[in-house]
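Peer 1: turn this into a model:
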Amino acid sequence: MNITENRNDNTLTLLIEGRIDTATAPKLEQVMQTALDGVTELFLDANADLMEIFEVTGFTEILTFA
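Peer 2: Reported below is the predicted structural model:
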C-alpha cells in the first residue's frame, strides 16, 4: 500500500493506493495519527475496492465521501 499526503492549510488529502488489510492497516494508522494534528478536513482518495471495504465496515454511515 502506498499513501501520499497532500496538505493545504488545515486540509489533508490522503491518496491511498493498494489494499488495506491486517498487514497494511498499521501503516495507515501511523500516517493518520501523525498527519492529523491541526487538520479540520480530511479527504481520502481511494479506489473502488477500498470504497467497498468502507461500505462493508459501515464507515460510509459515519463519514462523508465525495
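
Peer 1: worst mean pLDDT across the helices and strands of this structure, which element?
Peer 2: helix 48-57 (a mean of 86; mean pLDDT, DSSP states H and E).

Peer 1: report the mean confidence score over the next helix or strand after that helix.
Peer 2: Next helix or strand after helix 48-57 toward the C-terminus (DSSP states H and E): helix 59-62. For helix 59-62, the mean per-residue pLDDT is 89.

Peer 1: pLDDT weak spots in this structure?
Peer 2: 66 (pLDDT under 70).

Peer 1: could you find the closest non-adjacent residue to the most centrally placed residue in it?
Peer 2: By CA atoms, centre = their mean, the chain has its centre lying nearest to Leu44, at 4.3 Å. In space, and not counting its chain neighbours, Leu44 is closest to Leu14: 5.5 Å by CB to CB, 6 or more residues apart in numbering. (Glycine included, C-beta is placed from N, CA and C.)

Peer 1: residue contacts, the one you found?
Peer 2: 3-6, 31-32, 35, 42-45 (CB atoms under 8 Å, 6 or more residues apart in numbering).

Peer 1: what sits up against stretch 29-44?
Peer 2: By CB under 8 Å, 6+ apart, stretch 29-44 touches 3, 5, 7, 10-14, 16, 50, 65-66.

Peer 1: hey, C-alpha coordinates of stretch 3-17 in PDB?
Peer 2: Written as PDB, here are the backbone C-alpha positions of stretch 3-17 (Å, rounded to 0.1, in the frame of the first residue of the first chain):
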ATOM      1  CA  ILE A   3       0.000   6.600   0.900                       C
ATOM      2  CA  THR A   4       0.600  10.100  -0.500                       C
ATOM      3  CA  GLU A   5      -0.100  13.100   1.800                       C
ATOM      4  CA  ASN A   6      -1.200  16.400   0.400                       C
ATOM      5  CA  ARG A   7      -1.700  19.200   3.000                       C
ATOM      6  CA  ASN A   8      -3.200  22.600   2.200                       C
ATOM      7  CA  ASP A   9      -3.500  24.700   5.400                       C
ATOM      8  CA  ASN A  10      -5.900  22.700   7.600                       C
ATOM      9  CA  THR A  11      -7.000  20.300   4.900                       C
ATOM     10  CA  LEU A  12      -5.300  16.900   4.400                       C
ATOM     11  CA  THR A  13      -5.800  14.600   1.400                       C
ATOM     12  CA  LEU A  14      -4.500  11.100   1.600                       C
ATOM     13  CA  LEU A  15      -4.200   9.200  -1.700                       C
ATOM     14  CA  ILE A  16      -4.400   5.500  -0.800                       C
ATOM     15  CA  GLU A  17      -3.100   3.100  -3.500                       C
END
